[in-house]
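# Provided below for reference: sequence and predicted model.
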Amino acid sequence: RLMATKSEASRDLGRRLRVSNAVFNLLLGTLAGAINVMFVQPLWVANSRLKLQGATGSSIPAGTYSGVVDVIMKIFREEGFDKL
C-alpha cells in the first residue's frame, strides 16, 4: 500500500522522532496555535477594523481603509507589528 492515512503517517513520524503520542500531539497543537497567531489573527484584526469603520460609536472614520491589505499595511506602518 503506497498511501498511509493521516493518523498512520502521524504515528510513524512520532515513532521516528521517538516521542510519545501525547508529546507529539502537544507539539502539533503548539505548531497549529503558532500558525494561527502568525497568519490568521492579523486577518481577523483587519476584518474587524473593516467592519467597524464608519459604524455608530466607532473611533474609525468611514473610508479609512480600502481593503484587507490596506488595513494590514496601515496598522503595521502606523501602530506597529504587535498591533496585528
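Arrived safely. Numbering: from 1, shown residues only.
# quick one: pLDDT of R77?
Per-residue pLDDT puts R77 at 94.
# next, the contact list for N47, please.
V68 (Cβ atoms under 8 Å, 6 or more residues apart in numbering). The way it works is simple: take the backbone N, C-alpha and C, and place the C-beta from them, glycine included.
# over to L27?
Contacts of L27 by Cβ under 8 Å, 6+ apart are V19.
# could you export the helix or strand encompassing it as CSV, CA atoms only?
For L27, the host element (DSSP states H and E) is helix 21-35. What follows is helix 21-35 as a C-alpha-only set of coordinates in CSV (Å, rounded to 0.1, in the frame of the first residue of the first chain):
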residue,chain,number,x,y,z
ASN,A,21,1.7,10.2,21.2
ALA,A,22,0.8,12.7,23.9
VAL,A,23,4.0,14.7,23.5
PHE,A,24,3.7,14.5,19.7
ASN,A,25,0.1,15.7,19.8
LEU,A,26,1.1,18.5,22.2
LEU,A,27,3.8,19.6,19.7
LEU,A,28,1.4,19.5,16.8
GLY,A,29,-1.1,21.6,18.8
THR,A,30,1.6,24.1,19.6
LEU,A,31,2.5,24.4,16.0
ALA,A,32,-1.1,24.9,15.0
GLY,A,33,-1.5,27.6,17.6
ALA,A,34,1.6,29.4,16.4
ILE,A,35,0.4,29.3,12.8
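# ranges for the helices of the chain?
Here the chain has its helices, by DSSP state H, at 6-17, 21-35, 41-52, 68-78.
# avg pLDDT for the helix holding L27?
Mean predicted confidence for helix 21-35 is 89.
# can you give me the buried ones in it?
The neighbour-count check on helix 21-35 (16 or more other Cβ atoms under 10 Å) flags F24 as buried.
# tell me the angle of it relative to helix 6-17?
Here helix 21-35 runs at an angle of 110 degrees relative to helix 6-17 (axes from the mean of the first three to the mean of the last three Cα atoms, to 10 degrees).
# re earlier: could the helices of the chain go into JSON lines alongside distance to S59?
Shown next, in JSON lines, are the helices of the chain (distance: least, Cβ to Cβ, whole Å):
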{"stretch": "helix 6-17", "distance to S59": "45"}
{"stretch": "helix 21-35", "distance to S59": "30"}
{"stretch": "helix 41-52", "distance to S59": "8"}
{"stretch": "helix 68-78", "distance to S59": "14"}
